[in-house]
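Engineer: whatever this is, show me its structure:
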Amino acid sequence: MHVLPLYAAIFGLFYIFLSFRTINLRRKSRRSLGDGGDAALNRAIRVHGNFAEYVPLALVLLFLLESQAYSRVLVHVFASLLLAGRLIHAYGVSQLKEKLIFRMVGMILTFTSIGLTSLVLLYTVYEGTAV
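Structural biologist: Next up is the predicted model:
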């Protein structure tokens, strides 16, 4: 059984949540483009954008990892790191009084997931064990 479809579905729902939150703030501030100086809207736009910048690449890497028949536990660990990182980052950046520690921890977990997945894939290619 594959693990990644579970995480992809969770990330898909999270993306929709972030999208609707941004849309609602746009509607409230009557801004179709940009943020018009609205700090809450600016933060929502950046959380949404940051998610869109990192998650697709991470999911592709995780898919490649899973397709190489690595243990489900390893895929769960790397995907969980990514999920925790994105949730923590979104929380930290969404606060009008930003809590930098949440932003930093969120990015560290995100980079750890992407970095470790990339290194394992490189090892697989180097060792010639890629399926």
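
Engineer: low-confidence regions, this structure specifically.
Structural biologist: Scanning the chain for pLDDT under 70 picks out the ranges 34, 129-131.

Engineer: in it, which residue is closest to the centre?
Structural biologist: Among the residues of the chain, the one closest to the centroid is V55, at 3.9 Å (C-alpha atoms, centre = their mean).

Engineer: which helix or which strand is home to the nearest residue to that residue once chain neighbours are set aside?
Structural biologist: Closest residue to V55 apart from its sequence neighbours, by C-beta to C-beta, 6 or more residues apart in numbering: F11 at 5.5 Å. Bear in mind the C-beta positions are built from the backbone N, C-alpha and C, glycine included. Under the criterion of DSSP states H and E, F11 resides in helix 4-29.

Engineer: check the offset of that helix from the chain's centre.
Structural biologist: Relative to its chain's centre, helix 4-29 lies at 12 Å (C-alpha atoms, centre = their mean, to the nearest Å).
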